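# Generate a structure from the sequence data that follows.
(one chain, ligands or ions: 3)
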Amino acid sequence: MDKPKVAFFDFTSCEGCQVEITNFDQQLLNLLEAVDIVEFREIMKETTSDPLDIAFIEGSFSRDQDLPGLKNIRQRAKIVIAYGSCAATGGINALKNHKPDYQYKMEVYGADASMPHLETHKALPISAAVKVDYSIPGCPINRDEFVRVVSDLLHGKEPYLPNYAVCIECKKKENLCRFDNREVCLGPIARAGCGAICPSNNVPCEACRGFVDTPNYASMIEVMVNSGLKKEYALTKARMFSANILDNNLSPK
Ligand code: SF4
Ligand code: SF4
Ligand code: SF4
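Ligands and ions are numbered 1, 2, ... in the order given. Reported below is the predicted structural model:
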């Protein structure tokens with residue numbers, strides 16, 4: 001029996017999620033036994049216009065000229081998965097959405113800000129362009145979660161994403177809470193699934209996986225302010241990986 005054909009595509013992104021997959025070592029080798037990877041720019045030169053069983057799309061939708069390519073992928077693929085927070089929600093790219101277009105370009109590119117290839121619209125999730133069947137958050141993705149989702153799909157099982165906070169994974173590991181170290185951590189509203197890797201390594205969670213489905217933003221901001229952050233800075237911190245989500249739910253007051 002033919003193996004499922006799988007391809008990886010990238011749009012507006014740092015390609016860090018692709019790089020993370022190449023770091024999978026044995027897990028990638030195991031994956032290669034189960035699927036036929038037919039396109040993956042980071043590791044091979046071959047491309048394909050054939051039908052696909054699974055298309056993984058990395059990066060945000062931020063240029064109209066990407067729409068035909070995205071539609072073509074959608075037409076060819078039985079399953080489309082937006083992987084990485086850029087693709088799932090707009091991710092860190094969406095930071096530019098709440099600033100005037102030229103301002104962020106000047107901050108990043110200085111004198112080169114007017115280069116024509118920098119013309120973009122708002123950084124949006126891939127689902128703003130085409131139907132997405134599943135999303136895998138994370139900046140970058142978590143390897144165990146990625147392999148589990150692929151494995152579930154290959155076994156005809158519905159993949160799931162945890163809808164509870166990173167705090168739960170963190171508490172299970174009996175970590176020192178970063179708040180007890182006078183730091184500010186977004187774990188109470190961040191979506192779990194990474195094994196609380198940051199607080200487990202003495203770094204506060206920045207919610208790179210986005211938030212649980214019904215986060216209590218107001219209480220989170222209040223806790224951050226009570227921990228010494230100015231309200232505007234607390235909002236900026238919460239916005240870092242989830243500007244598209246946060247700005248739709250909580251306006252600075
Ligand atoms: S989610 Fe993060 S690591 Fe992945 S492509 Fe976007 S910026 Fe890079
Ligand atoms: S360190 Fe962060 S994730 Fe861990 S319990 Fe404290 S607030 Fe929650
Ligand atoms: S602990 Fe927070 S910032 Fe770190 S990987 Fe998990 S969700 Fe992302």
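
# Near whichever residue of the stretch 1-150 of the chain sits closest to ligand 1, how many other residues are there?
Using Cβ to the nearest ligand atom, the single residue of the stretch 1-150 of the chain nearest to ligand 1 is residue 16, 2.8 Å away. For the C-beta atoms, the positions are set from N, CA and C on the backbone; glycine is no exception. Neighbourhood size, residue 16 [other Cβ atoms under 10 Å]: 15.

# Grab the nearest non-local neighbour of it.
residue 140 (4.6 Å; Cβ to Cβ, 6 or more residues apart in numbering).

# how close does that neighbour sit to residue 213?
Going from residue 140 to residue 213 by Cβ to Cβ, to the nearest Å gives 22 Å.

# What is the burial count for the nearest residue to residue 40 once chain neighbours are set aside?
Distances taken as Cβ to Cβ, 6+ apart place residue 8 nearest to residue 40, at 4.3 Å, with adjacent residues excluded. Using other Cβ under 10 Å, residue 8 has 23 neighbouring residues.

# likewise residue 199?
Neighbours of residue 199 (other Cβ under 10 Å): 23.

# How about the contacts made by the residue nearest to residue 40?
18, 21, 37, 39-42, 55-56, 58 (Cβ atoms under 8 Å, 6 or more residues apart in numbering).

# Please pick the buried ones from the residues you listed.
Listed as buried from the contacts of residue 8 are 18, 21, 37, 39-40, 55-56, 58; burial here means 16 or more other Cβ atoms under 10 Å.

# Just the contacts of residue 8: which are in helices?
18, 21 (DSSP state H).

# Tell me the spacing between residue 170 and residue 214.
20 Å.

# Comparing these two, which shows the higher neighbour count?
Using other Cβ under 10 Å as the criterion, residue 170 and residue 214 rank with residue 170 on top: 25 against 9.

# and the residue in the stretch 101-250 of the chain that ligand 2 sits nearest to, what element?
Closest residue of the stretch 101-250 of the chain to ligand 2, Cβ to the nearest ligand atom: residue 187 (2.2 Å). Assigning secondary structure by DSSP states H and E places residue 187 outside every helix and strand.

# Provide a list of residues in contact with it.
Contacts of residue 187 by Cβ under 8 Å, 6+ apart are 165-167, 170, 178, 196, 199, 204-205, 207.

# Can you give me the domain boundaries for this structure?
Here the domain parsing of the chain from automatic domain parsing is 5-154, 166-249.

# Stretch 194-214: end-to-end distance?
Terminal residues of stretch 194-214 lie 19 Å apart, using Cα to Cα, to the nearest Å.

# can you pull the buried residues of that stretch?
194, 196-199, 204-212.

# ok, now stretch 127-140?
Buried-residue list, stretch 127-140, by 16+ other Cβ under 10 Å: 127-130, 132-140.

# Keep only those of the residues you listed that are in strands.
By the criterion of DSSP state E, membership of the buried residues of stretch 127-140 in strands covers 134-136.

# Out of those residues, which is nearest to residue 12?
Nearest to residue 12 among those: residue 135, at 15.9 Å, using Cβ to Cβ.

# That closest one and residue 243: what is the separation?
Counting by Cβ to Cβ - residue 135 and residue 243 are separated by 16 Å.

# cool, and residue 85?
11 Å.

# And those two? Which one has more around it.
Ranked by neighbour count (other Cβ under 10 Å), residue 85 and residue 243 place residue 85 first, with 30 against 24.

# Give me the nearest residue to the more buried one, chain neighbours excluded.
Per Cβ to Cβ, 6+ apart, closest to residue 85 is residue 91, 3.4 Å.

# Show the end-to-end separation of stretch 194-208, please.
First-to-last distance for stretch 194-208 - Cα to Cα - comes to 10 Å.
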